[in-house]
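S.K.: I'd like to go over a predicted model; first the sequence, then the structure.
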Amino acid sequence: MDYSFHIDADISKAETLPSSFYRNPEVFEALKQSIFYKSWQWVGSTQEIKDTSNSHPFILLDGFLTEPMLLTKDTDEVIYCLTNVCTHRGNLLINTPRKTKKIVCGYHGRRFALNGKFEHMPEFKETQDFPRLCDSLHQFPLRKWGPFLFAGLNPSFDFQDVIDSMNERVGFLPLDEFKLDKSRNKEYMVNAHWALYCDNYLEGFHIPFVHEGLDAALDYGSYDTILYDHCTLQIGYAKESEAVFELPAGHPDFEKQVAAYYYWVFPNMMFNFYPWGVSINLVQPLHMKKTKVSFMSYVYKENKLDKGAGSGLDKVELEDEEVVEGVQKGVQSHFYKAGRFSPTREKGVHHFHKLLAQFLNA
Ligand code: FES
Ligand SMILES: [Fe+2]
């Protein structure tokens, strides 16, 4: 089956991805290898691995990639992201977060250092050519942005470039002081393809039509979209100066009334910075028509919560879900093939579709 899609680089000539992209189960499956293995995923924050618990197991994109992984921190304070699968016969190594000096498999006692290096295996003296390099635990590349951790399975680009792009505008914020407010954690189940959820996020075009409340806070006329290689920034400017960032001198938007920096990172992560902190949205594919979206709020200025564009996030989310689920039904129609783009309002969606096509065709 040919999965090649073509998105014209000229937005004024381009068509959107065809409905088959969202409908074909083989394409959905191909996205794992061609996109999710080749990019970066959120794997947690430094708050998950403390001195009292230095090994943290998790399943990456459970129900989709379902990859058992492990974060560890050794005595040198270095954090590692490892496979959580024993190199002997494939047992899971660590099942619950714990404090440990070594990683020891509970099945036949194979032992690894916290950096994944093979150390010992009982009854293997006569095994020839052992241990080999591959008897150590596979180590995944890991990048740290403030307290946030990202790993790639087999990434085709460096996440540091994405971090550098985001830091151009939000690097002045004290990310290490941001605290997760668990009471604001929320999970949404959306009956739609994960890419439709991202498509919707990537344009502010729908704000006046779909989000009455948000529209009242934002100046739609000056809403801006900036494209980076694997990342997109949308800037929402405030109508009034009540809930805006205090930007330092020398900042690219110094003296502008910025209400929100909406960063999307290819393929499925969103970092929405508001004057109170950041709302992180992780878009996790489950099935072709089902997506889990996890919201986490890291707060650093509590007195700015519940004001302006960064307030009423639940209402905005439900409004978005309604249209995204409508599109999910619409792209099943045999009379819908593909659409066109607004060059002024849909640059972000065009960029996303180009990236999807490029990764799928690679
Ligand atoms: S599976 Fe781990 S030691 Fe055998
Ligand atoms: Fe929206």
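M.R.: Thanks, I have it. Ligands and ions are numbered 1, 2, ... in the order given.
S.K.: now do the same for the residue nearest the centre of the chain: its pLDDT.
M.R.: Centroid-nearest residue in the chain, with Cα atoms, centre = their mean: residue 269, separated by 2.4 Å. Residue 269 is assigned a predicted lDDT (pLDDT) of 98.
S.K.: give me the neighbour count for the closest residue to ligand 1 within the stretch 251-362 of the chain.
M.R.: As assessed by Cβ to the nearest ligand atom, ligand 1 sits closest to residue 284 within the stretch 251-362 of the chain, at 28.7 Å. In this view, the C-beta of every residue, glycine as well, is placed from N, C-alpha and C. Using other Cβ atoms under 10 Å, residue 284 is surrounded by 20 other residues.
S.K.: isn't it up against residue 294?
M.R.: Yes. Shown here, residue 284 and residue 294 form a contact pair, counting by Cβ atoms under 8 Å, at 6.9 Å.
S.K.: what about the residue lying closest to residue 137 once chain neighbours are set aside, how many neighbours?
M.R.: Nearest residue to residue 137, sequence neighbours excluded (Cβ to Cβ, 6 or more residues apart in numbering): residue 116, at 3.4 Å. Residue 116: 19 surrounding residues under other Cβ under 10 Å.
S.K.: confirm that residue 116 sits in a strand.
M.R.: No. Residue 116 sits outside any strand when classified using DSSP: H, G, I helix; E, B strand; the rest coil, being coil.
S.K.: ok, now which ones touch it?
M.R.: 72, 80, 82-83, 103, 136-139 (Cβ atoms under 8 Å, 6 or more residues apart in numbering).
S.K.: from residue 163, how far off is residue 275?
M.R.: Distance, residue 275 to residue 163, by Cβ to Cβ, to the nearest Å: 21 Å.
S.K.: cool, and residue 212?
M.R.: As judged by Cβ to Cβ, residue 212 and residue 163 stand 35 Å apart.
S.K.: the more surrounded of those two?
M.R.: More crowded of residue 212 and residue 163, by other Cβ under 10 Å: residue 163, with 19 against 11.
S.K.: residues contacting that one?
M.R.: 143, 145.
S.K.: list, one by one, the residues from this protein near ligand 1.
M.R.: Residues of the chain lying close to ligand 1 by Cβ under 6 Å from any ligand atom are 86, 88-89, 91, 105, 107-110.
S.K.: end to end, how far does stretch 146-157 reach?
M.R.: Counting by Cα to Cα, to the nearest Å, you get 20 Å between the two ends of stretch 146-157.
S.K.: tell me how far it lies from the chain's centre.
M.R.: Between the centre of stretch 146-157 and the centre of its chain there are 10 Å (Cα atoms, centre = their mean, to the nearest Å).
S.K.: ok, residues contacting it?
M.R.: 36-47, 60, 65, 67, 69, 71, 79, 81, 140-144, 159, 175-176, 178, 229-230, 280, 298, 359, 362.
S.K.: the helix ranked longest in the chain: which residues count as buried?
M.R.: For the chain, the longest helix by residue count, based on DSSP state H, is helix 313-330. Buried residues in helix 313-330, counted by 16 or more other Cβ atoms under 10 Å: 313, 316-317, 319-321, 323-325, 327-328.
S.K.: after it, which helix or strand is next?
M.R.: Next helix or strand after helix 313-330 toward the C-terminus (DSSP states H and E): helix 347-361.
S.K.: and residue 123, how far from residue 105?
M.R.: In terms of Cβ to Cβ, residue 123 sits 13 Å off from residue 105.
S.K.: of the two, who's got more company?
M.R.: residue 105 (20 against 8).
S.K.: ok, the more buried one touching residue 88?
M.R.: Yes. Residue 105 is within contact range of residue 88, at 6.6 Å (criterion: Cβ under 8 Å).
S.K.: quick one, phi/psi of residue 221?
M.R.: In terms of degrees, to the nearest 10, the main-chain angles of residue 221 are phi -60, psi -40.
S.K.: what separation do you get for it and ligand 1?
M.R.: Residue 221 sits 61 Å away from ligand 1, going by Cβ to the nearest ligand atom, to the nearest Å.
S.K.: within the helices and strands, which one has residue 31?
M.R.: Assigned by DSSP H and E, residue 31 falls within helix 25-31.
S.K.: list the buried residues of that helix.
M.R.: Neighbour counts over helix 25-31 (16+ other Cβ under 10 Å) mark 27-28, 31 as buried.
S.K.: which parts of the stretch 101-250 of the chain are strands?
M.R.: Along the stretch 101-250 of the chain, counting by DSSP state E, counting those that start in this stretch, strands occupy 103-104, 111-112, 118-120, 139-140, 142-145, 148-152, 179-180, 186-190, 224-228, 231-237.
S.K.: residues contacting residue 73?
M.R.: Residues near residue 73 by Cβ under 8 Å, 6+ apart: 49, 54-55, 79-80, 114.
S.K.: how about the residues you listed in TSV, adding distance to residue 333?
M.R.: What follows is these, written out as TSV (distance: Cβ to Cβ, whole Å):
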residue	distance to residue 333
49	48
54	52
55	49
79	47
80	48
114	53
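S.K.: give the residue spans of this protein that score low on pLDDT.
M.R.: Confidence mapping of the chain against pLDDT under 70 gives the ranges 1-2.
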